[in-house]
Each structure stands twice: as C-alpha cells, then as structure tokens.
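Colleague: starting from these lines, generate the structure:
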Amino acid sequence: MGHLDHAALGWLTPVLSYVMACIGAALGLRCTVRALGATGRSRRNWLITAASAIGTGIWTMHFVAMLGFSVSGTDIRYDVPLTIVSLLVAMLVVCAGVFAVGYSKDRARALFLGGLTTGLGVASMHYLGMAAVRLHGEVDYDPVLVGLSVLIAVVAATAALWAALNIKSPVAVTVASLIMGAAVSSMHYTGMFSVSVRVSPSGAALPGATAMQFIFPLAVGLGSYLFLTSAFVALSPTTGERAASASAQRPVESVTH
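Modeller: Below you'll find the model as predicted:
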C-alpha cells in the first residue's frame, strides 16, 4: 500500500482550495440574488453567471487541493480530456440546479430536485476528477466514506440553493459562503480519505500531464475568472440601486420639460 499525503505542500493547498470554494459560493449567491430581482434576459444572464461561478469554485477547490495530493512510490499524472469533462459536469449540473430554483414557481420542489441533482453532479465531478488520476498501481475506495461524501455533497448543494433563495444581505451572503466553502471542502476530503492505493512500482512512463503542466495553469485561469467576475458584480448596480437612480432622475427631467 502506498502512503497517501493529502497535504504534501503543507497548509497551502487546503487553505487556498477553501478560499476558492468560498469565493465561488459568495459570487454565485450574489449573482442569484441579482437574478431573482431581474426579469427576462437579465435574469437568465445572472443565473448563468451564478452557475459558472459556483461550478468553477467547486472544480477549482477540488484540483487546487489535488495539487497537494501525493502517493509514495509512484508519480501522478492526469488524463486531460477526462479532467475537462469533470469541469463541464460541474458547470452543467450547477446550472441545472440554479435554473431550477431561479424559474420554478414551486420553490420547495425545485429546492429538493435541484439540491439532489446538483449534489450528485458535484460528487460525479469529484470522482471523475479522481478517475482522471494516472499512477503506478490500483486505486480503491471505501464505500462507506464514498457514500458519506455524496451525502455531504447533496446537503451542501441543497443548502447553497436555499441560501440563494432566502439570503439577501451582503453580510449573510458572506457567512453562508464561508459555511458552504467548508461543506465543499469537507466533501472533498471525505472522498479523498476513502481512497487507498496499491502501488505497483514501474519504470514505465505514465500517460497524461503533471499537475503543474495542466492543473495549475487551468486553476490559475479559472481563479482569475472568479476574481474578475467578483469585481464586476461588486461594481455593478443592484436592481434597487438602478430603480433609485431612475426615480431620482425623473424630477430633474420633469423640471427640464
């Protein structure tokens, strides 16, 4: 059995991955709040931005954490196409959940179905990402911990969608995003603790890319997207601010005429 280290780079990867999960959650919640106060094309665009933020945050959290994953006795590589698929899965399932709560009139039903779908999708993203790992040996999973990680994913996703529907103030969004980031990180590390590896030493070259060749540049790119989008959302006026600005301009216009 190979010795697994989930924090080969120390506290850097767990802390940074948690921060990315929190940023994605906070941005997604703020965009969903904006969406629920909008109509038509504006609502759709805000929901798409929310889904991309949450999905990107979850995926980036997973693979930033994976930068600190190592197994004694073998190198680790990542299958590039399968890793990209895991990102697409994260985006699509979160989009489905966010749109369910954004447009459904039966909020309770949408919350249940959206939370279940999104949670299972997040878990699928995690294990697709693990399936992309290439090493000299066989990877096994503890089914109990796998089941627990899936349950955590579903609960976390449902809580995130509930927060998107019910939390409006910036302070409450910040607190909710910190809790959601902790839930996503808990899901990841629960899934990782279910892993065991039987190493088969070999001098053969492993297929795929190293974490620094592929995962790190992609995580940096997606992280930059989160930060830039956060800045855009922070500077963009809310529906209430636009309405107040419009009402403030009407007396001026009427006096002019």
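Colleague: so which residues make contact with stretch 40-47?
Modeller: 31-32, 34-36, 38, 95, 98-99, 102 (Cβ atoms under 8 Å, 6 or more residues apart in numbering). Any C-beta I mention is one placed from the backbone N, CA and C, and that applies to glycine too.
Colleague: those into CSV, with extra columns for pLDDT?
Modeller: Putting the contacts of stretch 40-47 into CSV (pLDDT from 0 to 100) gives the following:
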residue, pLDDT
31, 86
32, 81
34, 84
35, 84
36, 78
38, 82
95, 86
98, 83
99, 84
102, 78
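Colleague: any idea how far the residue nearest to residue 126 when sequence neighbours are not counted lies from residue 93?
Modeller: Using Cβ to Cβ, 6 or more residues apart in numbering and skipping the chain neighbours, the partner closest in space to residue 126 is residue 191 (5.3 Å). To residue 93, residue 191 is 16 Å away according to Cβ to Cβ, to the nearest Å.
Colleague: one more: residue 76?
Modeller: 26 Å.
Colleague: elements contacting the helix or strand hosting residue 149?
Modeller: Using DSSP states H and E, residue 149 sits within helix 143-166. Applying 3 or more Cβ pairs under 8 Å, 6 or more residues apart in numbering; DSSP states H and E, one finds that helix 143-166 contacts helix 12-36, helix 80-103, helix 107-131, helix 170-193.
Colleague: which one of these lies closest to residue 148?
Modeller: Nearest of the helices and strands packed on helix 143-166 to residue 148, taken as Cβ to Cβ: helix 170-193 at 5.5 Å.
Colleague: touching the closest one from outside, list them.
Modeller: Against helix 170-193 from outside (Cβ under 8 Å, 6+ apart): 4, 6, 14, 17-19, 21-23, 25-26, 29-30, 33, 57-58, 61-62, 65, 69, 122-123, 126-127, 130, 142, 145-146, 148-149, 152-153, 155-156, 159-160, 163, 167.
Colleague: give me the buried entries from the residues you listed.
Modeller: 6, 14, 17-19, 21-23, 25-26, 29-30, 33, 57-58, 61-62, 65, 69, 122-123, 126-127, 130, 146, 148-149, 152-153, 156, 159-160, 163, 167 (16 or more other Cβ atoms under 10 Å).
Colleague: residues near the closest residue to residue 208 other than its chain neighbours, how many?
Modeller: Counting by Cβ to Cβ, 6+ apart, residue 208 lies nearest to residue 77, which is 3.5 Å off, once chain neighbours are set aside. Residues lying near residue 77 (other Cβ atoms under 10 Å) number 19.
Colleague: residue contacts, residue 77?
Modeller: Per Cβ under 8 Å, 6+ apart, neighbours of residue 77: 133-135, 206-210.
Colleague: give me the pLDDT for the residue nearest in space to the middle of the chain.
Modeller: Nearest residue to the geometric centre of the chain (Cα atoms, centre = their mean): residue 58, 1.9 Å. pLDDT for residue 58: 88.
Colleague: cool, residue 62 as well?
Modeller: pLDDT, residue 62: 88.
Colleague: in whichever strand or helix holds it, what counts as buried?
Modeller: Assigned by DSSP H and E, residue 62 belongs to helix 40-66. Across helix 40-66, burial judged by 16+ other Cβ under 10 Å covers 43, 46-66.
Colleague: residues in contact with the helix holding residue 149?
Modeller: The contact list for helix 143-166 (Cβ under 8 Å, 6+ apart) reads 25, 28-29, 32-33, 36, 50, 54, 97-98, 100-101, 107, 111-112, 114-116, 118-123, 126-127, 173, 176, 179-180, 183-184, 186-188, 190-191, 193-194.
Colleague: tell me the mean pLDDT over stretch 171-182?
Modeller: Rounded mean pLDDT across stretch 171-182 is 83.
Colleague: let me redo that: stretch 6-16
Modeller: 87.
Colleague: contacts for it next, please.
Modeller: 64-65, 67-70, 185, 189, 192-193.
Colleague: which of these sits closest to residue 226?
Modeller: residue 64 (11.7 Å).
Colleague: list the residues that contact the residue lying closest to the closest one once chain neighbours are set aside.
Modeller: If the residues on either side of it in the chain are set aside, residue 64 comes closest to residue 17, at 4.1 Å by Cβ to Cβ, 6+ apart. If a contact means Cβ under 8 Å, 6+ apart, then residue 17 has 60-62, 64-65, 185, 188 as its contacts.
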